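Trainee: Next one to model:
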Amino acid sequence: MNLGRIDLNLLRVFDAVFEERNLLRAGKRLHLSQSAISHALGRLREALQDDLFVRTARGMEPTARATAMAGPLRSALLQIQATLGAEPFEPQRAQRRFVVAANDYVTQLLLGHLGRRLAELGPQVDLTIRPSTRLDLASQIDIGHIDIAVGVFADLPVRFQALELWREGESLVLRKGHPLADRGIDRRALAGYPLVTVSLGGQEEGAVGGFIMERGLARQSEMFGRQALEDAYADAGTAPRVRIAVAHSLAIPALLRDTDMVALVPSQLAAEFARDGAFLARAVPYEAPISVVRAVWHRRNQQDPAHAWLRQQIAEVAGQLPL
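Mentor: Got it, this is the predicted structure:
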């Protein structure tokens, strides 16, 4: 490979096409014509002796060589930018799209408020929400397809940074008029009713202790403490019966509305369900684990002014939630 034939602009084009998967969008991002993007890619392909991108119905799909290059190249570009002095981020004038990974519960609780905040402070700043339940979450953060992931994580690799947003326990949710609605719920009473839980992946997907490990990142796969639940039921002389395990927490109200099932969910989600008056939130009759909800991002973005601004907005919105 002849390094003399590669300049910084070619690498910026590669990074934009890899991110956008579309020549027209990459050109708009860099203020270049589509033909200029194509010409730059041609020069880079010739220098590297690889196609880099293949045109498909889904867009410009990267080759294995391009995928391997993407993460280190993005880190190098950001390091160059930081060395030369990054331009300040001006949200009122900026045109930027951020990608945040979150489950449906976090999306309802946090990101709706965030969207309204961005509309006020950054009118041309857009937000895309991706599911945090995807098995390649760590890889997507590594290659820059996801800016920030919000959720519960047991372990973080050293290449990731994190910010604590809030802590929460577990609560029970039941319909108004449920047989347990007007009585205290002890372990024996709870054991008399089937449960609804949120499970984003079990042992068949490699989950251990309620978490799935991928590329050093352990993300929550069960939104309840299974061991604490099983211990509590053992004290009552039985085992928990999970009648329905769902991957989408916002489906729970429909499941509870006409049944005597009881849902076991994060405490803030239980409070959210109870706000409309059709459901009741109750404390669990045992000591449940405390979960820490965090925002996670790649270390290479730590000093990026735009990324730092987004993290600040997320932290401020989380700080205003009725937790």
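Trainee: drop to CA atoms for contacts and neighbour counts, all remaining ones
Mentor: Noted.
Trainee: In three-state terms, how would G27 be classified?
Mentor: helix (DSSP: H, G, I helix; E, B strand; the rest coil).
Trainee: show me what contacts it?
Mentor: Going by Cα atoms under 8 Å, 6 or more residues apart in numbering, G27 touches S33, Q34, A36, I37.
Trainee: Apply 7 Å and report the result again.
Mentor: Neighbouring residues of G27 by Cα atoms under 7 Å, 6 or more residues apart in numbering: S33, Q34, I37.
Trainee: again, but for V198
Mentor: E222, M223, A245, V246, A247, H248, S249.
Trainee: secondary structure element for it?
Mentor: Using DSSP states H and E, V198 sits within strand 195-198.
Trainee: Tell me how far that strand lies from the chain's centre.
Mentor: How far strand 195-198 lies from its chain's middle: 21 Å, per Cα atoms, centre = their mean, to the nearest Å.
Trainee: Quick check: mean pLDDT of it?
Mentor: Strand 195-198 carries an average pLDDT of 95.
Trainee: try stretch 70-77
Mentor: 83.
Trainee: cool, and stretch 80-87?
Mentor: pLDDT averaged over stretch 80-87 gives 67.
Trainee: do the same with stretch 293-307
Mentor: On average, the pLDDT along stretch 293-307 is 89.
Trainee: partners of the strand holding V198, with directions?
Mentor: According to DSSP bridges, strand 195-198 forms sheet pairs with strand 242-246 (parallel), strand 262-266 (parallel).
Trainee: circling back: in CSV: the contacts of V198, plus distance to V17.
Mentor: Below are the contacts of V198 laid out as CSV (distance: Cα to Cα, whole Å):
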residue, distance to V17
E222, 36
M223, 37
A245, 39
V246, 37
A247, 33
H248, 33
S249, 35
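Trainee: Take those and keep only those in strands.
Mentor: Taking DSSP state E as the definition of strands, those contribute A245, V246.
Trainee: For the helix or strand L41 falls within, C-alpha coordinates in CSV please.
Mentor: In this structure, L41 sits in helix 34-48 according to DSSP H and E. What follows is helix 34-48, C-alpha atoms only, in CSV (Å, rounded to 0.1, in the frame of the first residue of the first chain):
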residue,chain,number,x,y,z
GLN,A,34,-22.1,12.4,-4.7
SER,A,35,-19.6,12.2,-7.6
ALA,A,36,-16.9,13.6,-5.4
ILE,A,37,-17.7,10.9,-2.8
SER,A,38,-17.6,8.2,-5.4
HIS,A,39,-14.3,9.5,-6.8
ALA,A,40,-12.7,9.6,-3.3
LEU,A,41,-13.9,6.0,-2.6
GLY,A,42,-12.4,4.9,-5.9
ARG,A,43,-9.0,6.3,-5.0
LEU,A,44,-9.1,4.7,-1.6
ARG,A,45,-10.2,1.3,-3.1
GLU,A,46,-7.3,1.5,-5.5
ALA,A,47,-4.8,2.3,-2.8
LEU,A,48,-6.0,-0.4,-0.4
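Trainee: where's it relative to the chain centroid, distance-wise?
Mentor: Offset of helix 34-48 from its chain centre (Cα atoms, centre = their mean): 33 Å.
Trainee: try stretch 146-159
Mentor: Here the centre of stretch 146-159 is set off from its chain's centre by 8 Å, with Cα atoms, centre = their mean.
Trainee: coming back round to it: scan the contacts of G27 and report the most crowded one.
Mentor: With neighbours taken as other Cα atoms under 10 Å, the top of those is I37, carrying 22 neighbours.
Trainee: how close does that residue sit to R294?
Mentor: Distance, I37 to R294, by Cα to Cα, to the nearest Å: 38 Å.
Trainee: For the stretch 51-200 of the chain, give me the ranges with low pLDDT.
Mentor: Along the stretch 51-200 of the chain, the model assigns pLDDT under 70 to residues 82, 84-87, 135.
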